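[1] Need a 3D model of the sequence below.
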Amino acid sequence: MRKPNDITLKEAITKMLSVYRLRGKFDETGIVAMWPELMGTAVANRTTQIYVNQQKLFVRIESSVIKNELLMVRSGIIQKLNERAGNEVIKEIIFL
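    Below you'll find the model as predicted:
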């Protein structure tokens, strides 16, 4: 039985991330972790480096063909990633 001041674990973690200003890093880590799932194995297997810095997602892809295809759908990828994260984490993708 819950008491009036009790909060769920999700609420507690969300509050903690907010208080310690860790929300941004948490969301960035989530974006990097969801890349293979969202982009599929063909892209994930050719991704050699991925990181986030100042709301920019940096991705190194070894296949120039796949890189060119991703460049054409860049805005769609940004939208998908941000929808999945639940807020605007990424503003730009830079392919290295």
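
[2] After the longest helix along the chain, heading C-terminal, what element do we hit next?
    When the chain is parsed with DSSP state H, its longest helix is helix 23-39. Using DSSP states H and E, the helix or strand that directly follows helix 23-39 along the chain is helix 41-46.

[3] to the chain's geometric centre, what's the distance from that following helix?
    Relative to the centre of its chain, helix 41-46 is centred 16 Å away, using C-alpha atoms, centre = their mean, to the nearest Å.

[4] Next, the buried residues of the longest helix of the chain.
    For helix 23-39, burial by neighbour count (16 or more other C-beta atoms under 10 Å) applies to Asp27, Glu28, Gly30, Ile31, Trp35, Met39. Backbone N, C-alpha and C define where each C-beta goes, glycine included.

[5] Grab the most central residue of this structure for me.
    Closest to where the C-alpha atoms of the chain average out (C-alpha atoms, centre = their mean) is Ile31, at 1.4 Å.

[6] ranges for the helices of this protein?
    Counting by DSSP H, the helices of the chain are 9-19, 23-39, 41-46, 64-72, 74-85.

[7] Now that we have these, can you turn them into JSON lines and tack on mean pLDDT and distance to Lys91?
    JSON lines is the format used below for the helices of the chain (pLDDT from 0 to 100; distance: least, C-beta to C-beta, whole Å):
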{"stretch": "helix 9-19", "mean pLDDT": "80", "distance to Lys91": "20"}
{"stretch": "helix 23-39", "mean pLDDT": "85", "distance to Lys91": "12"}
{"stretch": "helix 41-46", "mean pLDDT": "92", "distance to Lys91": "21"}
{"stretch": "helix 64-72", "mean pLDDT": "93", "distance to Lys91": "16"}
{"stretch": "helix 74-85", "mean pLDDT": "93", "distance to Lys91": "7"}
